[in-house]
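Undergrad: next comes the sequence, and after it the predicted model I'd like to discuss.
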Amino acid sequence: MPYTDLVFDLYGTLVDIHTEESDDVWEKTALYFGFYAAHYTGASLKEAFSNAMSDREAKAGQSYECFPDIPFEQVMTELFRLKGVADETGALGVNAAQLFRISSIEYIRLYDDVLDALDALRRSGFRLWLLSNAQAVFTAYELRLLRLHDQFDGILLSSDYGCRKPDRRFYDALLKEHKLDPAQCLMIGNDRETDIAGARAAGMATLYMHTALTPSAQLPADPQLYPSPDAGSRHYEYEGDDWRELSALILSL
């Protein structure tokens with residue numbers, strides 16, 4: 001097989017999720033702040049959060065080449081401090097962040113056959129890695145919920161690294177920390193502009209999945225790039241989220 005390492009995106013690739021950060025979610029989170037005498041309305045909390053996040057992103061130097069990722073819980077802790085409430089351990093910020101996330105989730109589930117597919121790929125000799133644009137304060141726990149937390153040889157979440165896909169630094173963190181050869185890595189993701197663009201810039205082969213969670217402006221998979229051993233390409237495309245079929249196709253490459 002031409003690849004030794006499979007690098008997976010998470011949401012929209014392995015996991016089907018729908019969140020709604022509605023006014024009601026902000027109101028419930030503001031209620032939690034009020035329990036600790038940090039008084040916000042839902043609207044004022046949302047505005048304060050947006051301003052604080054924008055300030056941090058500006059300081060991080062967001063640009064075309066630089067895609068910073070700011071830990072959500074740190075911003076929540078800052079919002080407590082703005083109301084005169086000390087959060088020395090950061091526990092209030094973590095709890096507020098997780099309450100916000102849980103309140104926003106309408107559903108979260110694995111695509112069918114994901115666990116069987118990962119098991120088959122591992123048994124065939126691949127090493128498996130997760131590289132996700134994600135907040136560790138949410139996603140580390142969602143991985144446990146979905147029984148994915150022990151399925152990978154390594155898990156990299158963007159908020160732990162201060163940058164996110166397609167930032168080359170995030171891919172380099174995976175390659176350097178685990179001494180991977182990018183020529184032997186296949187990145188699998190559902191977003192052309194983040195997962196695929198960043199991986200190609202880092203020298204990886206790529207497999208684009210067009211799923212229901214792919215950004216709506218992005219094109220469907222090109223059937224001429226369907227994964228096959230004679231494709232003669234380092235870029236493949238697949239329509240849908242059928243992991244039973246897709247794992248077999250990866251094994252055939």
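TA: Right, received. Where do you want to start? Numbers count the residues shown, from 1 in each chain.
Undergrad: quick one: the helices in the stretch 51-200 of the chain?
TA: Along the stretch 51-200 of the chain, the stretches classed as helices by DSSP state H, counting those that start in this stretch are 72-82, 91-104, 114-123, 136-145, 158-161, 168-177, 197-201.
Undergrad: need those in CSV with mean pLDDT, distance to residue 14 and mean neighbour count, can you?
TA: Where C-beta positions appear, they are placed from N, C-alpha and C, glycine not excepted. Output for these, formatted as CSV (pLDDT from 0 to 100; distance: least, Cβ to Cβ, whole Å; neighbours: other Cβ atoms under 10 Å):
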stretch, mean pLDDT, distance to residue 14, mean neighbour count
helix 72-82, 96, 21, 20
helix 91-104, 97, 18, 19
helix 114-123, 98, 5, 17
helix 136-145, 97, 10, 18
helix 158-161, 94, 16, 20
helix 168-177, 96, 17, 17
helix 197-201, 97, 16, 20
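Undergrad: want to throw those helices into CSV with distance to residue 50?
TA: Formatted as CSV, the helices of the stretch 51-200 of the chain follow (distance: least, Cβ to Cβ, whole Å):
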stretch, distance to residue 50
helix 72-82, 10
helix 91-104, 13
helix 114-123, 34
helix 136-145, 18
helix 158-161, 17
helix 168-177, 24
helix 197-201, 26
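Undergrad: any stretches of the stretch 101-250 of the chain with poor pLDDT?
TA: Of all residues in the stretch 101-250 of the chain, those with pLDDT under 70 make up the ranges 231-232.
Undergrad: returning to that earlier point: out of the helices of the stretch 51-200 of the chain, nearest to residue 54?
TA: The minimum distance between residue 54 and the helices of the stretch 51-200 of the chain falls on helix 72-82, with 10.2 Å, by Cβ to Cβ.
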